[in-house]
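Enquirer: What would the 3D arrangement of this be:
(one chain, ligands or ions: 1)
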Amino acid sequence: MKFATKTIHAGQPSEPETGALVAPIFQTSTYEQEEPGRDKGFSYSRTNNPTRQRLEEVLAALEGVPFAAAFASGLAAENAVLQAYLRPGDEVIIPLDVYGGTYRILNKVYQPIGIVVRQIETGDLDAVQAAIGKKTRLVWIESPTNPRLLINDIAAISKLAHASGALVVVDNTFATPYFQQPFQLGADIVVHSVTKYLAGHSDTIQGAALAKDPSVFEPIKFLQNATGAVPSPFDCWLTLRGIKTLELRMQRHEENATAIANALNGHPLVKRVYFPGLANHPGHAIAQRQMSGFGGMVSFELNGTKEEVVEFASSRTFFALGESLGGVKALICHPATMTHASIPAEARAELGLSDALLRLSPGCESADDLVEDLLNGLAQLERLRSSKTAIPATAQ
Ligand SMILES: Cc1ncc(COP(=O)(O)O)c(C=O)c1O
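Expert: Numbers count the residues shown, from 1 in each chain. As a prediction, the model looks like this:
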């Protein structure tokens, strides 16, 4: 079965009792048993629910593995993986450019209970090799990273990690299984903020953790029920609806991101564009090898003051200023004050997260409108600057 067919058919047969083409939302907390201990596969909805099961089946099919567990948020999924695998004294390696929430949970929740967090440039394989030691339990990578869209070599990092018995976790939120299949590259666990492209419509918060090996998956599955951060049946249904158009949406997101990256690249008011599809992106060659497309996100540094950056971000017509990404409606975000504000300013500077960085999540709008909106903002900034430097008429 090909990718788009899976998004529509995997785990989603018509409902057997009525023939309903779209499965109902099984909005129930519990299930009637035939006799004590004999049920029809469902006993309590924290443990399992038919709507959630359908979602887990399609997610597993898309990532090409047998096992997926859905969670109430991406961070709940991350937490289940961290809780399953980290014990005091263990070490975890994360990228410099990691998602702010991953940085926060590791530094504020896990580090205080004795986990050693090593944040390194995971794009540099020598640095990865040097950081991996006997105590390394997890090597956690994102590719593309958030927000600078840097590329990590998943196959090479997996080889290094496996050589010393560590597990590789890939946050595949930005690429989605449409553009990147981390298990084929050697990953042991994949996590998702389902909230983003998989659900696709900015109307739900959800997460998932997947594995190919039953023994790797089992402790995560156990924690899904034991700690209980499960999504509601309605939220699962929303994602089942959204995921059916994943391929179409990702194609449009990438088209729009490419048009925007090309329009911004080289503009005098733009210092730097981060998009793995640009030939000047440092991870372009690896992205070409390990992805089937370059994703739908673009970040760029404006050549301007923090005030100008904030004004630009706040006054776009089609890019709503908001956290999150991956929906059909375009978003713009200022990581330094929004998604990555939990990273202290000095740490942000060390990590290369400039205050002038803006992250764009082009939606499924027409590329022309999105590009025009951004170019209008840059032209407006140019006009504002020249009006400030112009000699007032009365002084002439
Ligand atoms: C790359 C990445 N991973 C994980 C998360 C966390 O997901 P959630 O917000 O669904 O908890 C996010 C959220 O922005 C993210 O961007």
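Enquirer: did I read that right, residue 210 in a helix?
Expert: No: according to DSSP: H, G, I helix; E, B strand; the rest coil, the state of residue 210 is strand, so it is not within a helix.
Enquirer: Thought residue 57 was touching it, still the case?
Expert: No: distance between residue 210 and residue 57: 11.3 Å, which falls outside the contact criterion (C-beta atoms under 8 Å). Bear in mind the C-beta positions are built from the backbone N, C-alpha and C, glycine included.
Enquirer: Which of the two has more residues huddled nearby?
Expert: The neighbour count for residue 210 versus residue 57, taken as other C-beta atoms under 10 Å, is higher for residue 210 (30 against 17).
Enquirer: can you pull the contacts of that one?
Expert: By C-beta atoms under 8 Å, 6 or more residues apart in numbering, the residues touching residue 210 are 59-60, 63, 65, 67-69, 183, 189-192, 217.
Enquirer: how about 7 Å then?
Expert: Applying C-beta atoms under 7 Å, 6 or more residues apart in numbering, we find residue 210 in contact with 59-60, 63, 65, 67-68, 189-190.
Enquirer: same question, residue 46
Expert: Counting by C-beta under 7 Å, 6+ apart, residue 46 makes contact with 225, 228, 230.
Enquirer: With adjacent residues omitted, what lies nearest to it?
Expert: For residue 46, ignoring the flanking residues on the chain, the nearest one in space by C-beta to C-beta, 6 or more residues apart in numbering is residue 228 at 5.2 Å.
Enquirer: How many residues are close by the one you found?
Expert: Residues near residue 228, counting by other C-beta under 10 Å, number 12.
Enquirer: What distance do you get for it to residue 169?
Expert: Taken as C-beta to C-beta, to the nearest Å, the spacing of residue 228 relative to residue 169 amounts to 22 Å.
Enquirer: what's whichever residue of the stretch 51-200 of the chain sits closest to the ligand sitting at in phi/psi?
Expert: The ligand sits closest to residue 74 of the stretch 51-200 of the chain, with a gap of 2.2 Å, by C-beta to the nearest ligand atom. Main-chain torsions, residue 74, degrees, to the nearest 10: phi -60, psi -40.
Enquirer: picking that back up, so can I have TSV of the contacts of residue 210 showing distance to residue 28?
Expert: Supplementary listing: these in TSV, determined by distance: C-beta to C-beta, whole Å:
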residue	distance to residue 28
59	22
60	23
63	28
65	28
67	24
68	21
189	30
190	29
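Enquirer: tell me, which of those make contact with the ligand?
Expert: For the ligand, no contacts are drawn from the contacts of residue 210 by C-beta under 6 Å from any ligand atom.
Enquirer: what does the stretch 51-200 of the chain put close to the ligand?
Expert: When proximity is defined by C-beta under 6 Å from any ligand atom, the stretch 51-200 of the chain lies next to the ligand at 73-75, 99, 101, 142, 146, 171, 173-174, 193, 195.
Enquirer: Now flag whichever of the residues you listed is closest to residue 277.
Expert: Nearest to residue 277 out of those is residue 174 (C-beta to C-beta; 13.0 Å).
Enquirer: name the element that closest one belongs to?
Expert: With elements delineated by DSSP states H and E, residue 174 resides in a region that no helix or strand encompasses.
Enquirer: surely it meets residue 148?
Expert: No: the pair residue 174 and residue 148 does not pass the contact test of C-beta atoms under 7 Å, sitting 11.1 Å apart.
Enquirer: Who has more neighbours out of those two?
Expert: residue 174 (26 against 23).
Enquirer: ok, and the closest non-adjacent residue to that one?
Expert: Computed as C-beta to C-beta, 6+ apart, the closest residue to residue 174 that is not its neighbour in sequence is residue 144, at 4.8 Å.
Enquirer: contacting residues around the residue of the stretch 51-200 of the chain closest to the ligand?
Expert: The neighbourhood of residue 74, defined by C-beta under 7 Å, 6+ apart, consists of 173, 191-195, 207.
Enquirer: try 10 Å
Expert: With contacts defined as C-beta atoms under 10 Å, 6 or more residues apart in numbering, residue 74 is in contact with 99, 101-102, 171, 173, 191-196, 198, 205-209.
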